[in-house]
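Q: Show me the folded form of this:
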Amino acid sequence: MSIGWTDPDSYKARLAEKKEYLESLFADFKPPTPVVFASQPQHFRMRAEFRIWHEDGDLHYVVFDPDTRARIKVTRFPTASERINALMMPLLEAVRGLAVLSHKLFQVEFLTSRSGQALVTLVYHKPLDNSWEEAAQRLAASLDVAVIGRSRRQKLMTGQDWITDSFTVGGRVLEYRQYENSFTQPNAGVNEQMLDWARRMTEGSQGDLLELYCGNGNFTCALADNFDRVLATEVSGVAVGAAQYNLERNGVTNTAVVRLSSDELAQALAGTRPFRRLAHLDLKSFRLDTVFVDPPRAGLDPATLALVQGFSRVLYMSCNPATLKENLAHLIPSHQLHALALFDQFPYTDHIETGVLLVRR
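A: Model (predicted):
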């Protein structure tokens, strides 16, 4: 079966409700009318994961109802990409027929691109051996995908552990390597709109950009041309490596990516603590006038909020309007809310991705 709560006929109404909620939430800040960026109503997710349910010697994909948490068997998943839907049942049929692949299989994860590339991760509650690897190689060849096996402290690969996706931003095609088991924006179409909006918000900028939480360079590649130089930070070593690769792939040469937390960077900029990872950079030579942040759901911590408050322009992408509101309460006294955008990354849910541009009063 497919999922009943993803009703395309209700999409516009549910998106309108999100817009009303966002306007009400930020009403005290007297914001401009939010610009709304809609998603495709179906096949918008480039990644998806399913629990595997073993029952009477058979196995099934299951998801859980967001309201009741009831377990639901699925054969189709309309929110996922067409490539994921095309792979779901052939993969399951192939795994069903081989005990080495099906035994103690716990979860299946799909990562796809809009060009049709696909990577499948099989997660187990058992050690994986050579017999699993041989079977996985045959499975990968039969479905034209890369297959990865994961279990406790194990990762076995039949090929590469990444796919390549591309986005058109400002008339330019940007290509990104998206790694398995690393964060990527799930809704490719909306991500493209987010990148384009952020680029337009920073056109004509003066000086250099500081970017916190840069991840795999998703926004970095799109924004770099609008600034003289970019200093980007990220705490994950895997993400830093991915960002450096993506910057090089897209010909971005004015950006330095360093592995630092936002709190560590604040200390470095204040000169209160030196870092070896910054030894190759002259921080005092940067003219950091604009800051871009895309923090986790908890929002900005007090130290980072204090750092951000010192910038003339703040571009803030938030995955949690509630913590964004808390942060804005500290920024509004010194900054004006110049632009507000709603990006519907997750249709049919209460989740709202929000972009704001703040300019010093």
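
Q: Span of stretch 143-163 from start to end?
A: End-to-end distance of stretch 143-163: 15 Å, with Cα to Cα, to the nearest Å as the criterion.

Q: To clarify, my last question referred to stretch 221-233.
A: Stretch 221-233 has an end-to-end distance of 14 Å (Cα to Cα).

Q: Where does residue 323 fall, secondary structure wise?
A: helix 321-331 (DSSP states H and E).

Q: quick one: contacts of that helix?
A: 21-22, 25-26, 29, 297-300, 305, 308-309, 314, 316, 318, 337, 352, 354, 356, 358 (Cβ atoms under 8 Å, 6 or more residues apart in numbering). C-beta coordinates here come from the backbone N, C-alpha and C atoms, glycine included.

Q: Report the buried residues of it.
A: 321, 323-325, 327-328, 331 (16 or more other Cβ atoms under 10 Å).

Q: Kindly report the same for stretch 351-358.
A: Those would be 352-358, for stretch 351-358 by 16+ other Cβ under 10 Å.

Q: again with stretch 32-50
A: Within stretch 32-50, the residues that count as buried by 16+ other Cβ under 10 Å are 34, 37, 39-48, 50.

Q: hang on, the earlier thing: so what's the gap between the helix holding residue 323 and the chain middle?
A: In this view, helix 321-331 has its centroid 21 Å away from the chain centroid, taken as Cα atoms, centre = their mean, to the nearest Å.

Q: Could you shift the numbering so residue one becomes 166, and keep it that way?
A: Right, with 166 as the first residue, what we last looked at is helix 486-496.

Q: Dump stretch 220-232 to CSV, restricted to CA.
A: What follows is stretch 220-232, C-alpha atoms only, in CSV (Å, rounded to 0.1, in the frame of the first residue of the first chain):
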residue,chain,number,x,y,z
GLU,A,220,6.8,-11.8,9.9
ASP,A,221,5.9,-15.5,9.3
GLY,A,222,9.2,-16.1,7.4
ASP,A,223,8.6,-13.0,5.2
LEU,A,224,9.8,-9.5,5.4
HIS,A,225,8.2,-6.1,4.6
TYR,A,226,8.9,-2.4,4.6
VAL,A,227,7.2,-0.6,7.4
VAL,A,228,6.7,3.0,8.4
PHE,A,229,5.0,4.4,11.5
ASP,A,230,1.9,6.6,11.4
PRO,A,231,2.9,10.1,12.7
ASP,A,232,-0.2,10.4,14.8
